[in-house]
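Student: Got a sequence here, can you build the structure:
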Amino acid sequence: MLHNIQPEDHPPLGARMASAVSTCVHCGFCLAACPTYQELGQEADSPRGRIVLMKEVLEGTLALEAALPHIDPCLGCLACEPACPSGVPYRDLISPFRALTEPKRKRKLAERLSRTLAQRTLPYPGRLRLAALGARIAKPFAGWLPKSLRVMLDLLPESLPRKQTWQEIYPAIGRRRARVALLTGCAQSVLDPDINTATIDVLTRNGVEVVVPQGQSCCGALSWHIGNHPQAQAFAQHNLDAFPPDVDAIVTNAAGCGSAMHEYDLILKGTGDDQRAEAFRSKVCDVSVLLDTLGPLQPIPATQGKLRVAYHDACHLANAQGVRSQPRKLLRLIPGVELCEIADAHLCCGSAGTYNIDQPEIANSLGEQKADHILAIDPVVVATGNIGCITQLRAHLAKKGSNVLVRHTMQILRDAYQET
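Tutor: I've put the predicted structure just below:
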């Protein structure tokens with residue numbers, strides 16, 4: 001007989017974890033939705049299997065080392081949540097579990113090296129740019145590097161876009177309908193900074209004043225998802241101070257960032273910043289949600305022919321934030337757009353933060369499958385709302401010799417406006 005998880009044994013995250021575990025009735029509806037269960041086919045590699053394993057570890061009836069081979073491959077994509085009839089908040093279990101157990105783990109040297117490198121570069125735009133430039137020099141020697149580091153090199157573009165900066169305030173064009181603060185992101189601002197420029201353009205055209213807090217930091221998503229709780233807390237607390245309180249919304253244009261900022265109440269649980277975190281997260285929304293709630297947008301005159309667009313649901317937009325219809329509605333505002341759905345759209349593309357580094361075989365398989373499904377519907381461009389997905393899809397489509405473009409929804413909208 002297993003004992004119940006005692007919240008006081010795992011403060012301050014214990015209560016939320018215990019509630020998540022107790023909600024699961026082991027019905028199995030999550031199995032068909034789980035990408036890693038589809039890949040590995042083992043009960044222990046399904047959401048309900050992992051819940052049992054995490055429960056036993058937390059109760060002290062199973063050694064952590066016995067559970068990790070099945071917990072580690074979890075993408076954290078949260079596809080299990082919309083599939084669950086009992087409403088299990090899996091997000092309240094997987095990231096807190098990793099936060100609690102990471103300090104107790106013993107990792108191999110190569111694994112420690114790659115994880116440390118990722119944590120010390122990806123959340124910091126300046127460091128990431130330097131690392132990406134250095135990677136071009138290292139590429140000829142990739143065969144001598146650990147596999148996880150080779151994967152990092154493969155995902156980097158051949159050349160980086162020019163560095164972009166953004167001013168602090170962009171006034172609304174015409175009557176001001178809202179005032180928002182924009183998270184510019186860390187990896188995104190290096191790998192595809194035009195996404196932020198396009199977002200600002202679309203917002204200001206539609207009467208939104210955009211504030212870009214100059215002191216903002218990484219949202220903390222990367223740290224939170226891999227169990228580096230102290231770093232995630234530091235980033236979250238920094239942003240609580242950096243973002244102005246007198247805005248209507250805190251806007252994100254990267255699904256992973258938005259999802260993490262919605263979890264600031266959990267990340268900062270017990271720190272004394274609970275109330276500030278709750279107030280902050282209540283204002284966070286994806287840019288597509290904000291535009292959808294504004295009401296009628298500036299019309300886009302028909303200046304182009306047909307454009308076949310495949311929409312890819314980023315997991316942390318569709319599953320974590322429940323944002324599915326809004327980006328599609330925005331794309332349909334563009335005259336001539338034919339919006340196409342991708343087969344098995346609920347399955348992750350394999351990006352998931354550092355997943356390419358941590359689980360390269362599964363990440364590669366999922367990315368390849370997603371690319372095949374995209375090519376099967378023959379689009380001109382793929383639209384999505386997350387820089388990780390964009391990077392992954394571009395890499396796998398390129399491997400197949402495809403010239404299909406992968407763009408952020410805001411870039412496609414901005415381009416349509418600018419053609420008028």
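Student: what about residue 410, helix or strand, and which?
Tutor: Here residue 410 sits within helix 409-418, counting by DSSP states H and E.
Student: Rounded mean pLDDT for that helix, please.
Tutor: The average pLDDT for helix 409-418 rounds to 96.
Student: Flag every buried residue along that helix.
Tutor: Buried positions in helix 409-418, judged by neighbour count with 16 or more other CB atoms under 10 Å: 409-417. Quick note: C-beta positions are derived from backbone N, CA and C, even for glycine.
Student: residues in contact with it?
Tutor: 194-195, 197-199, 201-202, 205, 253, 287-288, 298, 300, 304, 309, 327, 330-331, 333-334, 381, 383-385 (CB atoms under 8 Å, 6 or more residues apart in numbering).
Student: could you pull out the helices for the stretch 251-400 of the chain?
Tutor: 255-262, 264-267, 274-281, 287-294, 315-318, 325-332, 355-358, 360-376, 387-399 (DSSP state H, counting those that start in this stretch).
Student: Out of those helices, flag the one nearest residue 58.
Tutor: Counting by CB to CB, residue 58 lies closest to helix 264-267 out of these; the figure is 16.1 Å.
Student: What ranges in the chain fall below the confidence cut-off?
Tutor: Regions of the chain meeting the criterion pLDDT under 70 cover residues 1-9, 139-150, 152-153, 155, 303-304, 420.
Student: Give me the buried positions along stretch 241-259.
Tutor: For stretch 241-259, burial by neighbour count (16+ other CB under 10 Å) applies to 243, 247, 249-259.
Student: What's the ChimeraX line that selects buried ones from the contacts of helix 409-418?
Tutor: Buried residues among those (16+ other CB under 10 Å), as a ChimeraX selection:
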select :194,195,197,198,199,201,202,205,253,287,288,300,309,327,330,331,334,381,383,384,385
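Student: show me the contacts for residue 53.
Tutor: Counted by CB under 8 Å, 6+ apart, residue 53 has contacts 44, 62, 66-67, 70-71.
Student: List buried members of those residues by neighbour count.
Tutor: Buried, going by 16+ other CB under 10 Å: 44, 62, 67, 70-71, out of the contacts of residue 53.
Student: Quick one: the strands in the stretch 201-350 of the chain, in order.
Tutor: All strands of the stretch 201-350 of the chain, identified by DSSP state E, counting those that start in this stretch, fall at 208-211, 249-252, 284-286, 307-311, 337-341.
Student: what pairs with the last one, and is each one parallel or antiparallel?
Tutor: In other words, strand 337-341. Strand pairing for strand 337-341, determined by DSSP bridges: strand 307-311 (parallel).
Student: quick one: the partner strand to helix 360-376, angle?
Tutor: Per axes from the mean of the first three to the mean of the last three CA atoms, to 10 degrees, the angle that strand 307-311 makes with helix 360-376 is 150 degrees.
Student: List the buried residues of strand 307-311.
Tutor: 307, 309-311.
Student: residues contacting the spatially most central residue of the chain?
Tutor: In the chain, the C-alpha nearest the mean C-alpha coordinate belongs to residue 256, at 2.1 Å (CA atoms, centre = their mean). Residues counted as contacts of residue 256 (CB under 8 Å, 6+ apart) are 219, 221, 225, 314, 316, 353, 386-388.
Student: do the same with residue 33
Tutor: Going by CB under 8 Å, 6+ apart, residue 33 touches 47, 79-80, 82-83, 346.
Student: ok, now how distant is residue 175 from residue 373?
Tutor: 43 Å (CB to CB, to the nearest Å).
Student: ok, those two, which is more surrounded?
Tutor: More crowded of residue 175 and residue 373, by other CB atoms under 10 Å: residue 373, with 18 against 6.
Student: can I assume that one is in contact with residue 344?
Tutor: Yes. Counting by CB atoms under 8 Å, residue 373 touches residue 344, with 6.1 Å between them.
Student: Domain map for the chain?
Tutor: Split into domains by automatic domain parsing, the chain comes to 7-104, 297-418.
Student: Residue 233: which of the ones you listed is closest?
Tutor: domain 7-104 (9.5 Å).
Student: Check the offset of that closest one from the chain's centre.
Tutor: Put simply, domain 7-104 sits 19 Å off its chain's centre (CA atoms, centre = their mean, to the nearest Å).
Student: Check stretch 389-399 too.
Tutor: Centre-to-centre, stretch 389-399 and its host chain are 15 Å apart (CA atoms, centre = their mean).
Student: What of stretch 177-197?
Tutor: For stretch 177-197 - counting by CA atoms, centre = their mean - the centre lies 14 Å from the chain centre.
Student: secondary structure class for residue 85?
Tutor: coil (DSSP: H, G, I helix; E, B strand; the rest coil).
Student: wouldn't it be in contact with residue 27 here?
Tutor: Yes. Shown here, residue 85 and residue 27 form a contact pair, counting by CB under 8 Å, at 6.6 Å.
Student: the more surrounded of the two?
Tutor: With neighbours defined as other CB under 10 Å, residue 85 and residue 27 compare such that residue 27 has more, 12 against 9.
Student: And the nearest residue to residue 346 once chain neighbours are set aside, how far from residue 204?
Tutor: Of all residues not flanking residue 346 in the chain, residue 79 sits nearest, at 5.4 Å (CB to CB, 6 or more residues apart in numbering). Residue 79 sits 35 Å away from residue 204, taking CB to CB as the criterion.
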